[in-house]
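S.K.: I'd like to go over a predicted model; first the sequence, then the structure.
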Amino acid sequence: MMAKIELKNIGKKFKDEEVIKNLNLTIEDGSFTVLVGPSGCGKSTTLRMIAGLDKQTSGDILIGGRSVNHIAPGLRDVAMVFQNYALYPTMTVRENIEFGLKNRKVPKQERDTLIHDISEIVGLTSYLNKKPQMLSGGQRQRVALARAMVKQPKVFILDEPLSNLDAKLRNQMRTELIQLHRRLGTTFVYVTHDQVEAMSMGDVIVVMNQGVIQQAASPAKLYGDPENLFTAQFIGTPAMNILNFSEVQGLHIPAAERIGYLGFRPEHVLMKQDLHREGFTLDGEIVTRESLGAETIYQIKSKAGVFFVKTFLEPMEMNSQIKVTIPYEQLYYFAPDGQRIRGIEAREKSLSFVGGK
Amino acid sequence: MKEANRTIAEGRVWFQSAGKEAWMAKGANMAIRAVNLIGLLLLVLIFALPFAWMISTSLKTMPETMVFPPEWIPKNPVWQNFSEAWSSGPFLQYFVNSVVIAVCILALQMLTIIPAAYAFARYQFKGSGLLFGMVMITLMIPSQLIFLPVYLELSAWKLLNTHLGLILPFASSAFGIFLLRQAFKQVPEELIEAARLDNAKEWKVILNIMVPLVRPVLITFALFSFIAHWNDYFWPLVMTTDETARTLPLGIAKIREVEGVATWNILMAGNLILVLPILIVFFFAQRQIIRAFVYNGVK
């Protein structure tokens, strides 16, 4: 039961508005792939095209090697969990779960066994005869999952399924979903606008913006090796600091004219002077301090612009004037169009120190 | 200590003044409620009085109906008025005709308005706006304006004096399509999408998802339709020349013509027979109707 999903040269227009432009993506069989991006980036549209709820304007969609361009949503072997669960309000939990099976003419005996097994897995056995209105948000979520699981689909599609839950329940369901994916081993395609959710759940994260894939990679690669400014700033809390390169002083770099922006992550900034570490130093003034318990976030104003620093398990810095160091290997360079420039090394200690003073 | 005392004293003053305000607000509230209540009572009187008069008259003797000021409760209720009304014509036949026609119209309407309303609510097809506009226009045309061509048409099909002739002109209802379309529009799109992913055919989406959701609206419409056609006087009058398809309202109107004098007591007894089925239906559907008007979509 291979369920690799291939999107080839997909384009989608609503009236005259082009929401997806020439999208190419392969979602591996059995992966937990998360589509993430700001609202309106086309992630939900992409998901709906895989499910067959929206039809692509151009391009091909293949599931398990079979073109599904002309196959109805109900016959694609795809199950979907909606953001607002979309449970049938006039049906009981059992009828909700059973509806898809009945439509596929699954015999009664088999239906009963399936419903029994699934409702045990998601813990709904005692609610089978209740209407969805009687259930809490978390329970409704479970019904939606059960309704999807009972069809034993090749692909699970989840459209922001946790966004209607409160923070605590969301964390719990997140873990449960990860476990569920491991247990079933089927392909999960998950849409969210929450980068934390994406990072914690996905094997592969597809970052989208304005209908274009910015980067598709593992969470670690996205964080450590972003392709462009957008990805760099989308992943991480607080986001990567970006300084306009023309305002940065004291960094001597060959071919500096190609560089538009300099980036570094808040957690890579060293607040303490450490003469053994070579790096880019910046003078600044601490504007705000936020203590989150184990970590502290500082907002620092420097000549090159405002940036954030995150420290972990260190006493709070009380001086207002401060000099910080960013190790050279933690600096990221971007072209004026936002593309990452790799293979640049700044190493001239003397010059950078002169600039810092 | 002193400090504490002062706080308590201040608290007491505040509490008293707050109590006073609350009391005044309560008074104003009561006045509003009283006005409301009187208004409602007046409304009830307007609707209930003619009804009470009908019941009262149906139990009087002929001379008693003319007494002024009217006597509300007749001294000796004349129950024979009902049997007299019933036997003044082929009333069993009228009754059966009425039931057959009202029920058939309702069934046909359900068959036509549900798919039509679903299509108008959920599909964007070429000319859907124009078509819906045409449906709406029919709401504004009084039947008196078009009865002649319809009559000629039906008479050409040899449908005068038949049940079919009384049923067919009402096989669909613009009002019903409108009402149901609004209700269907409130159903969230995701429900239909979920059903599609559950491999449900279009008719299953309608029957298993949409119709149960709009049940209160559907019942309300059914009631309106049933009452309208049960009470309809004009169309049966136009379409019938003999007793084969005549309905109750025509039969009751005929009582008045007997012997050239208006026998009000018999007439009112007949009217009571006419409205009784409606009252019974209404009694059972009441809760659904209220629900239809507070219907707020799907939560």
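M.R.: Arrived safely.
S.K.: and residue 225, what's its pLDDT?
M.R.: Unless you meant another one, I'm taking chain A. Looking at residue A:225, its pLDDT reads 94.
S.K.: ah, I was thinking of chain B
M.R.: 93.
S.K.: and the one 5 residues further on, by the same measure?
M.R.: With respect to pLDDT, residue B:230 scores 94.
S.K.: touching, it and residue B:278? I think so.
M.R.: Yes. Between residue B:230 and residue B:278 there is a contact under Cβ atoms under 8 Å: 6.1 Å. Where you see a C-beta, it was placed from the backbone N, CA and C, and this is true even at glycine.
S.K.: more neighbours: those two, which one.
M.R.: residue B:230 (22 against 15; other Cβ atoms under 10 Å in any protein chain shown).
S.K.: ramachandran coordinates for the more buried one?
M.R.: Per-residue torsions, residue B:230: phi -70, psi -40 (degrees, to the nearest 10).
S.K.: so whatever residue of the stretch 51-200 of chain B ends up closest to chain A: helix, strand or coil?
M.R.: Closest approach between the stretch 51-200 of chain B and chain A, counting by Cβ to the nearest Cβ: residue B:199, at 3.0 Å. Classification of residue B:199 using DSSP: H, G, I helix; E, B strand; the rest coil returns coil.
S.K.: find the nearest non-adjacent residue to it, please.
M.R.: residue A:74 (3.0 Å; Cβ to Cβ, 6 or more residues apart in numbering or on different chains).
S.K.: report the contact partners of the residue in the stretch 51-200 of chain A positioned nearest to chain B.
M.R.: Proximity of the stretch 51-200 of chain A to chain B (Cβ to the nearest Cβ) peaks at residue A:74, 3.0 Å away. Residues in contact with residue A:74 (Cβ atoms under 8 Å, 6 or more residues apart in numbering or on different chains) are A:100, A:103, B:196-200.
S.K.: one more: residue A:158?
M.R.: A:80-81, A:177, A:188-191.
S.K.: and with 7 Å instead?
M.R.: By Cβ atoms under 7 Å, 6 or more residues apart in numbering or on different chains, residue A:158 lies in contact with A:81, A:188, A:190-191.
S.K.: what does residue B:81 give?
M.R.: B:58-59, B:265-266, B:269.
S.K.: quick one on the thing from earlier: the residue nearest to residue B:199 and residue B:155: what is the separation?
M.R.: 50 Å (Cβ to Cβ, to the nearest Å).
S.K.: before we move on, the earlier item: so the residue nearest to residue B:199 belongs to a helix, correct?
M.R.: Yes. Using three-state DSSP, the secondary structure at residue A:74 is a helix.
S.K.: around chain A, pick out the residues from the stretch 101-250 of chain B.
M.R.: Residues of the stretch 101-250 of chain B lying close to chain A (Cβ under 7 Å from any Cβ of the partner chain) are B:190-191, B:193-194, B:196-200, B:204, B:209, B:212-213.
S.K.: among those, which ones are buried?
M.R.: B:190-191, B:193-194, B:196-200, B:204, B:209, B:213 (16 or more other Cβ atoms under 10 Å in any protein chain shown).
S.K.: now the residues you listed in JSON lines, with pLDDT?
M.R.: JSON lines is the format used below for these (pLDDT from 0 to 100):
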{"residue": "B:190", "pLDDT": "91"}
{"residue": "B:191", "pLDDT": "93"}
{"residue": "B:193", "pLDDT": "93"}
{"residue": "B:194", "pLDDT": "94"}
{"residue": "B:196", "pLDDT": "92"}
{"residue": "B:197", "pLDDT": "93"}
{"residue": "B:198", "pLDDT": "93"}
{"residue": "B:199", "pLDDT": "91"}
{"residue": "B:200", "pLDDT": "92"}
{"residue": "B:204", "pLDDT": "93"}
{"residue": "B:209", "pLDDT": "93"}
{"residue": "B:213", "pLDDT": "91"}
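S.K.: ok, so of the residues you listed, who is nearest residue B:88?
M.R.: Nearest to residue B:88 among those: residue B:213, at 46.8 Å, using Cβ to Cβ.
S.K.: hang on, the closest one packs against residue B:187?
M.R.: Yes. Counting by Cβ atoms under 7 Å, residue B:213 does reach residue B:187; the two are 5.6 Å apart.
S.K.: my read: residue A:82 touches residue A:160, true?
M.R.: No. Counting by Cβ under 7 Å, residue A:82 does not reach residue A:160; the two are 8.6 Å apart.
S.K.: of these two, who's got more company?
M.R.: Using other Cβ under 10 Å, the more surrounded residue of residue A:82 and residue A:160 is residue A:82, with 22 against 19.
S.K.: quick one: residue A:215 is in a helix?
M.R.: No. Assessed with three-state DSSP, residue A:215 is strand; it does not lie in a helix.
S.K.: who's it bridged to?
M.R.: residue A:207 (DSSP bridges).
S.K.: measure it to chain B for me?
M.R.: Going from residue A:215 to chain B by Cβ to the nearest Cβ, to the nearest Å gives 30 Å.
S.K.: same question, residue A:13
M.R.: The value you get for residue A:13 to chain B, if Cβ to the nearest Cβ is used, is 16 Å.
S.K.: got it, and residue A:314?
M.R.: 45 Å.
S.K.: so where's the stretch 101-250 of chain B uncertain?
M.R.: Nowhere does the stretch 101-250 of chain B drop to pLDDT under 70.
S.K.: and chain A, which residues reach chain B?
M.R.: A:51, A:53, A:73-75, A:78-80, A:82, A:84, A:86, A:88-90, A:99-100, A:103-104, A:133.
S.K.: so which of those are in helices?
M.R.: The helices, defined by DSSP state H, take in A:51, A:99-100, A:103 from the residues of chain A next to chain B.
S.K.: for those, give me TSV that also has pLDDT.
M.R.: TSV is the format used below for these (pLDDT from 0 to 100):
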residue	pLDDT
A:51	94
A:99	95
A:100	93
A:103	93
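S.K.: doesn't residue A:152 lie inside a helix?
M.R.: No. Counting by three-state DSSP, residue A:152 is not part of a helix but coil.
S.K.: how many residues are close by it?
M.R.: The burial count for residue A:152: 14, using other Cβ under 10 Å.
S.K.: check contacts around it.
M.R.: With Cβ under 7 Å, 6+ apart, residue A:152 has no contacts at all.
S.K.: and what of residue B:138?
M.R.: residue B:174 are the contacts of residue B:138 under Cβ under 7 Å, 6+ apart.
S.K.: gap between the residue nearest the centre of chain B and residue A:312?
M.R.: For chain B, the residue sitting closest to the mean C-alpha position, by Cα atoms, centre = their mean, is residue B:224 at 3.4 Å. Distance of residue B:224 to residue A:312, given as Cβ to Cβ: 70 Å.
S.K.: can you check residue A:198 too?
M.R.: 22 Å.
S.K.: swap in residue B:240?
M.R.: Taking Cβ to Cβ, one finds residue B:240 at 92 Å from residue A:312.
S.K.: more neighbours: which of the two?
M.R.: Using other Cβ under 10 Å as the criterion, residue B:240 and residue A:312 rank with residue B:240 on top: 19 against 8.
S.K.: from residue B:41, how far out is the more buried one?
M.R.: With Cβ to Cβ as the criterion, residue B:240 and residue B:41 are 42 Å apart.
S.K.: ok, now residue A:215?
M.R.: 72 Å.
S.K.: ok, the two, which is more surrounded?
M.R.: Ranked by neighbour count (other Cβ under 10 Å), residue A:215 and residue B:41 place residue A:215 first, with 21 against 10.
S.K.: identify the residues contacting the closest residue in space to residue A:129 that isn't next to it in sequence.
M.R.: Excluding its sequence neighbours, the residue lying closest to residue A:129 (Cβ to Cβ, 6+ apart) is residue A:92, at 5.3 Å. Applying Cβ under 7 Å, 6+ apart, we find residue A:92 in contact with A:128-131.
S.K.: kindly recompute the last result at 10 Å.
M.R.: A:98, A:127-132, A:134, A:143 (Cβ atoms under 10 Å, 6 or more residues apart in numbering or on different chains).
S.K.: over to residue A:146?
M.R.: Contacts of residue A:146 by Cβ under 10 Å, 6+ apart are A:81, A:93-94, A:96-97, A:114-115, A:117-124, A:128.
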